[in-house]
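Asks: I would like the atomic coordinates for the input below:
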Amino acid sequence: MHKRIFRYILFGLGTLGLLFCLTLIFLVQKKVPEQIEYGMSFNTFYATDLGLDWKSTYDAILDDLGVRHLRLAAHWPMVEPIKDVYHFEELDYQLKRAKEVDATVVLAVGRRLPRWPECHVPAWAKDLSWEEQKAEIRSLIESTVTRYKDNPAITYWQVENEPYLEVFATEHCGELDEAFLEEEIALVHSLDSTRPVLVTDSGNLGMWAGAYRHGDAFGTSVYVYFWNPDLGQFKTVLPAWFYRVKDNLMALRYGEKETMLIELSAEPWLIEPIENVAIDVQFSRMDIPKFEDILQYAKATRFEKQYLWGAEWWYWLKENGHPEFWDRGKQLFKEGY
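Replies: Have a look, this model is predicted:
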C-alpha cells in the first residue's frame, strides 16, 4: 500500500516537473531579431554635471557616434525653471537636430524622469503640496506635448520613468500615485492620439504588470553589473532568458504589445559624482570586456530595440584621453552586433 502511494507521489511530481519544463520551454521562446536597433539616452543635466558643453556632446552623439535612435527627457527644472515661464531652448535644439539627421526620439515627460534623483522638481515647486504639484505637472505635460506633437522625429511619448520601482525613489518621489499616472497617460493620449505612450519598469527589480498594463508599449531597463559598499561588484544572477519569460507572461495576461530594452547600462555603477572617482576605479566597474559581455547578454534577451545608457560618460572619457568606449560605440552604431 505504502509503495503504491509512493509511486503515485513520484508520478505526480514527475508530471508536474514535466509540465513545468514544457511551460518554461514555451515561455522562453521569442523571435530572434534580424537586426538589433540600437539607440542611446541623452541627459542635458548629466552632461553639464560632467563639466561638458551639452550641445557639443549631443552633436557628437549624432554626428560622430552615429546614434539615430534617441531617448530624450523634458526635465521639469529645465523646461519650467520659473513658474509659468517655459524654457524649451534645449529640447528645441535637440529635436531640431534629430530631425535634421532623420533620428527617431522617445520623449519622456512627467516628474519622474531618467537620472538621479529620479523625481526632478524645480526649486519653486518643491514646497507645494502633492495636489498643487499635480496641477503643475498637468500644465507641464500639456505645454510639452502640445509644443512637440507635430515634430516627426518623435515616435513615442514616455510617461514618467519606472514609476512602479520604489526601491531608489521613495525618498525623493514618495509613494506611487497610480491614479495620477493613469491621468497623465490619458492626458497625453488626449493631446496626441497618433503616437503610442511608453511606460517603463525595472528589469532586475520590477514586476512589470502595472507598467505593461497601462502603456501602449513597454520598456524595461537591464543592468548586468552592480556595485555597493558591502558586496563590492557583482553580476546579475538573472539569465537573459528570464526577460523573455517575463515578456511572454505579460503578453499572455494583458495582450501582446511592443516591448523594448529602454535602458541598457553601459557606464560604471557609482554612488558618488563621477568626477570624484579615480579613472581606474571607474574602469574596474565598467570596462570594454564588461561592455562586450553586456551586449552579448542583451542580445540574448531578444529585444529588437535596445537603448544604451552612458553616452555622456563615453564622451567625457574621450575628452579626457580615453576614447575606447566611444570608438567601440561608433563601430556598434555603424555595423551592429
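Asks: Mind jotting down where the helices sit in the stretch 1-150 of the chain?
Replies: 2-27, 44-49, 54-63, 76-79, 89-100, 130-148 (DSSP state H, counting those that start in this stretch).
Asks: Lowest average pLDDT across those helices?
Replies: Lowest mean pLDDT within the helices of the stretch 1-150 of the chain: helix 2-27, at a mean of 62.
Asks: which residues of the protein fall in strands?
Replies: Counting by DSSP state E, the chain has strands at residues 37-41, 69-73, 104-109, 154-159, 197-202, 217-222, 225-228, 232-235, 258-265, 305-309.
Asks: With mean neighbour count added, can I get those in a markdown table?
Replies: Bear in mind the C-beta positions are built from the backbone N, C-alpha and C, glycine included. Formatted as a markdown table, these follow (neighbours: other C-beta atoms under 10 Å):
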| stretch | mean neighbour count |
| --- | --- |
| strand 37-41 | 22 |
| strand 69-73 | 25 |
| strand 104-109 | 24 |
| strand 154-159 | 24 |
| strand 197-202 | 25 |
| strand 217-222 | 24 |
| strand 225-228 | 15 |
| strand 232-235 | 12 |
| strand 258-265 | 23 |
| strand 305-309 | 23 |
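Asks: would you list the ones you listed in CSV and tack on distance to A209 and mean pLDDT?
Replies: What follows is these, written out as CSV (distance: least, C-beta to C-beta, whole Å; pLDDT from 0 to 100):
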stretch, distance to A209, mean pLDDT
strand 37-41, 24, 98
strand 69-73, 23, 98
strand 104-109, 21, 98
strand 154-159, 17, 98
strand 197-202, 9, 98
strand 217-222, 10, 98
strand 225-228, 24, 94
strand 232-235, 26, 95
strand 258-265, 13, 98
strand 305-309, 21, 98
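Asks: Tell me which of those sits nearest to E272.
Replies: Closest of the strands of the chain to E272 is strand 225-228, at 11.4 Å (criterion: C-beta to C-beta).
Asks: quick check: domain ranges of the protein?
Replies: 1-30, 37-335 (automatic domain parsing).
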